[in-house]
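A.B. asks: below is the sequence, then the predicted model.
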Amino acid sequence: MGLFGSFVQAFKDGYNGVDEEQDTAPSTKENTAQKPVPAKETAPAQKQAASEEPKFCGACGASLEPGTKFCPKCGKPVMGVAPEGQAAPAEPPHLMPTNTWQAYLDTGLNQLSLLEGVAAFQRVTHADPVFGTEEVNSYFLLRGDRVAIQEVARTLREVSEQFFNDQLHINVGTLAEDYRQVIRIKSANVEARFEDMLYLTLVQKNVMDGAVYYLYMSGDALELVAKRDARTRDENKRLDEFNSRADIFGDFGSTAKLVALTAFGIMNNYQMNG
């Protein structure tokens with residue numbers, strides 16, 4: 001199966017082993033508040049040092065956890081904490097990682113070059129020191145130069161065909177409302193009117209600092225049934241029809257997300273390591 005084949009299998013095993021109560025896929029819901037994680041218990045001397053650390057970023061005003069070296073919002077070093085000359089984190093300053101990264105860490109692999117730079121991110125729109133951080137707009141992050149959306153679609157197809165039994169149909173299309181190019185990911189196991197449940201699109205305004213962002217969006221399968229089923233208005237029949245395909249929808253969603261994460265890992269590894 002080769003080195004990368006072994007990586008993918010281990011990656012899949014690790015991904016499936018993540019606690020189901022954790023949201024390991026990017027959320028598309030707006031206004032999702034996350035409460036701050038309580039700081040770990042420290043020794044008395046450390047507590048005193050932490051109390052002297054800045055509680056808010058001097059550059060942007062974002063709230064800071066004790067021991068923070070770089071502001072999670074703007075990326076600026078926190079004065080008195082960050083060592084001089086140390087670079088800021090590689091993540092774009094306006095993006096925050098989600099729990100998707102945990103899926104990679106759970107594989108137990110040491111091949112971090114394959115994983116570096118690929119994760120799901122959420123753009124921070126409001127940092128509240130009391131109620132936590134409100135996040136909207138989920139992204140996949142791709143490091144490197146500007147990448148054609150056709151190249152991303154091609155990599156997605158290759159991953160689906162080679163490692164996931166070609167379970168997905170992947171094509172490049174356009175959105176009717178603004179003619180923006182998108183990658184449409186459809187299930188090979190359901191009929192046409194249930195297919196169009198997920199797509200990726202390049203976010204042009206966020207191509208900066210050598211990174212390319214792809215917006216991740218998913219449709220509501222039940223809503224799609226309501227919109228596309230012109231043959232009947234019987235609510236119970238629609239619900240029964242949807243429920244009969246719930247397992248297929250679930251398999252499609254997890255497979256599509258895993259294919260996307262694997263594909264972005266391959267592309268990041270190629271861009272960084274050649």
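C.D. replies: The structure has been received and is ready for your questions.
A.B. asks: can we go C-alpha only for contacts and neighbour counts from here?
C.D. replies: Fine.
A.B. asks: in stretch 258-274, what's buried?
C.D. replies: Residues of stretch 258-274 classed as buried: 258, 259, 260, 261, 262, 263, 264, 265, 266, 267, 268, 269 (neighbour count, 16 or more other CA atoms under 10 Å).
A.B. asks: quick one: contacts for the third one?
C.D. replies: Applying CA atoms under 8 Å, 6 or more residues apart in numbering to residue 260 gives the contacts residue 156.
A.B. asks: element containing it, please.
C.D. replies: Using DSSP states H and E, residue 260 falls within helix 246-273.
A.B. asks: got it, and residue 139?
C.D. replies: strand 132-143.
A.B. asks: quick one: contacts of the helix or strand following that strand?
C.D. replies: Later in the chain than strand 132-143, the nearest helix or strand by DSSP H and E is helix 149-163. The set of residues external to helix 149-163 that reach it, using CA under 8 Å, 6+ apart, is 5, 8, 166-172, 181-183, 201-202, 259-260, 262-264, 267.
A.B. asks: hmm, try it at 6 Å
C.D. replies: The set of residues external to helix 149-163 that reach it, using CA atoms under 6 Å, 6 or more residues apart in numbering, is 166, 263.
A.B. asks: quick one: mean pLDDT over that helix.
C.D. replies: Throughout helix 149-163, pLDDT has a mean value of 90.
A.B. asks: same check, this time on stretch 186-206
C.D. replies: Taken as a whole, stretch 186-206 has a mean pLDDT of 66.
A.B. asks: now do stretch 260-268
C.D. replies: In this model, stretch 260-268 carries a mean pLDDT of 80.
A.B. asks: cool, stretch 243-254 as well?
C.D. replies: 74.
A.B. asks: report the separation between residue 140 and residue 268.
C.D. replies: According to CA to CA, to the nearest Å, residue 140 and residue 268 sit 11 Å apart.
A.B. asks: what do these two both touch?
C.D. replies: Taking CA under 6 Å, 6+ apart as the contact rule, residue 140 and residue 268 have no neighbour in common.
A.B. asks: element containing residue 171, please.
C.D. replies: Using DSSP H and E, residue 171 maps to strand 168-174.
A.B. asks: buried residues in that strand?
C.D. replies: Within strand 168-174, the residues that count as buried by 16+ other CA under 10 Å are 168, 169, 170, 171, 172.
A.B. asks: please apply the same query to stretch 175-186.
C.D. replies: In stretch 175-186, the ones that count as buried by 16+ other CA under 10 Å are 181, 182, 183, 184, 185, 186.
A.B. asks: which pLDDT value goes with the third one?
C.D. replies: We have a pLDDT of 85 for residue 183.
A.B. asks: so what does the one helix or strand it maps to touch, helix or strand wise?
C.D. replies: For residue 183, the element it lies in under DSSP H and E is strand 181-187. Under the contact criterion of 3 or more CA pairs under 6 Å, 6 or more residues apart in numbering; DSSP states H and E, strand 181-187 touches strand 168-174, strand 198-202.
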